[in-house]
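Trainee: Sequence plus predicted model, see below.
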Amino acid sequence: MLRFFLCILSLLLLSSCGGNRALKIEQRSSEADGAFAFNARVAVKHEGERSSAGMRWVHGAGEDEILLLGPLGSVAARIRSNAQGVTLDAEGKHYAAQDVEVLTHRVLGWELPLSGLRYWVMAVPAEGRVAEVRRESNGQVGDLYQDGWRIHYSRYAGTAADSLPLRFVLQRDNLEIMVLIDEWEKQ
């Protein structure tokens, strides 16, 4: 049994090494809404309840796919967003809407601010909307205020002003979302 387990583990490791074409990155792209992917852990506090999950987010031109992962890496929920709308698949159920904030509020009970979050994960304000930015002495964003959200950045991949964030917390009303990014990948 042990030999079988080690054989399977070796195959998984080899397949993950050979198929990964993404490059690890530490600094932002010069594009405001450029493609990215990352693996992270997310914790949510909402009205006294807490939950956490692993997360895989792939953002491309006009589309997003966010996977929320269970303890052993199984997909607990999948959110897909593109020009046609947004879908959320979880627990064998399929949900659809035109707006991710409306859909996540209906299904989860709280809003995932995806339209701003795709910028905020890069530590930049969303385009075309009023924002307040407080920078640290090295030029990195310490706090970003936009659309009623406070985003506090506490750790980056490097010390340069354009380094990618590794830890940040989004807060609004009685909702707090903490994101710990384990690995950024350039797409």
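Mentor: Sure thing, it's come through.

Trainee: Work out for me the element residue 102 sits within.
Mentor: helix 100-108 (DSSP states H and E).

Trainee: Going by neighbour count, list what's buried in that helix.
Mentor: 100, 101, 103, 104, 107, 108 (16 or more other C-beta atoms under 10 Å). Heads up, the C-betas are built off the backbone N, CA and C, glycines and all.

Trainee: ditto for stretch 92-101
Mentor: Residues 95, 97, 100, 101 are the ones in stretch 92-101 that count as buried (16+ other C-beta under 10 Å).

Trainee: Dump that stretch to CSV, restricted to CA.
Mentor: Only the C-alpha atoms of stretch 92-101 are listed here, as CSV (Å, rounded to 0.1, in the frame of the first residue of the first chain):
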residue,chain,number,x,y,z
GLY,A,92,-24.2,20.5,-6.9
LYS,A,93,-26.2,23.6,-7.7
HIS,A,94,-25.8,26.1,-10.5
TYR,A,95,-26.6,29.8,-10.2
ALA,A,96,-26.4,32.5,-12.8
ALA,A,97,-26.8,36.3,-12.9
GLN,A,98,-25.5,39.3,-14.8
ASP,A,99,-23.6,40.7,-11.8
VAL,A,100,-21.2,38.9,-9.4
GLU,A,101,-22.0,41.1,-6.5
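
Trainee: List the contacts of that stretch.
Mentor: 79, 81, 85-89, 103, 106-107, 111-115 (C-beta atoms under 8 Å, 6 or more residues apart in numbering).

Trainee: From the residues you listed, list just the buried residues.
Mentor: So, by 16+ other C-beta under 10 Å, the buried ones in the contacts of stretch 92-101 are 79, 81, 86, 87, 88, 103, 107, 111, 112, 113, 114.

Trainee: Among the residues you listed, pick out the one closest to residue 64, please.
Mentor: residue 81 (4.5 Å; C-beta to C-beta).

Trainee: Who are the contact partners of that closest one?
Mentor: Listed by C-beta under 8 Å, 6+ apart, the contact partners of residue 81 are 63, 64, 65, 87, 100, 114.

Trainee: per-residue confidence at the last one?
Mentor: With respect to pLDDT, residue 114 has a value of 88.

Trainee: same deal with the first one?
Mentor: The predicted local distance difference test score for residue 63 is 93.

Trainee: Pretty sure it sits against residue 85.
Mentor: No: look at residue 63 against residue 85 with C-beta atoms under 8 Å: they stay out of range, at 11.1 Å.

Trainee: Leaving out the residues flanking it, which one is nearest to the residue nearest the centre of the chain?
Mentor: The centroid of the chain falls nearest to residue 57 when counting by C-alpha atoms, centre = their mean (5.2 Å). Distances taken as C-beta to C-beta, 6 or more residues apart in numbering place residue 66 nearest to residue 57, at 4.8 Å, with adjacent residues excluded.
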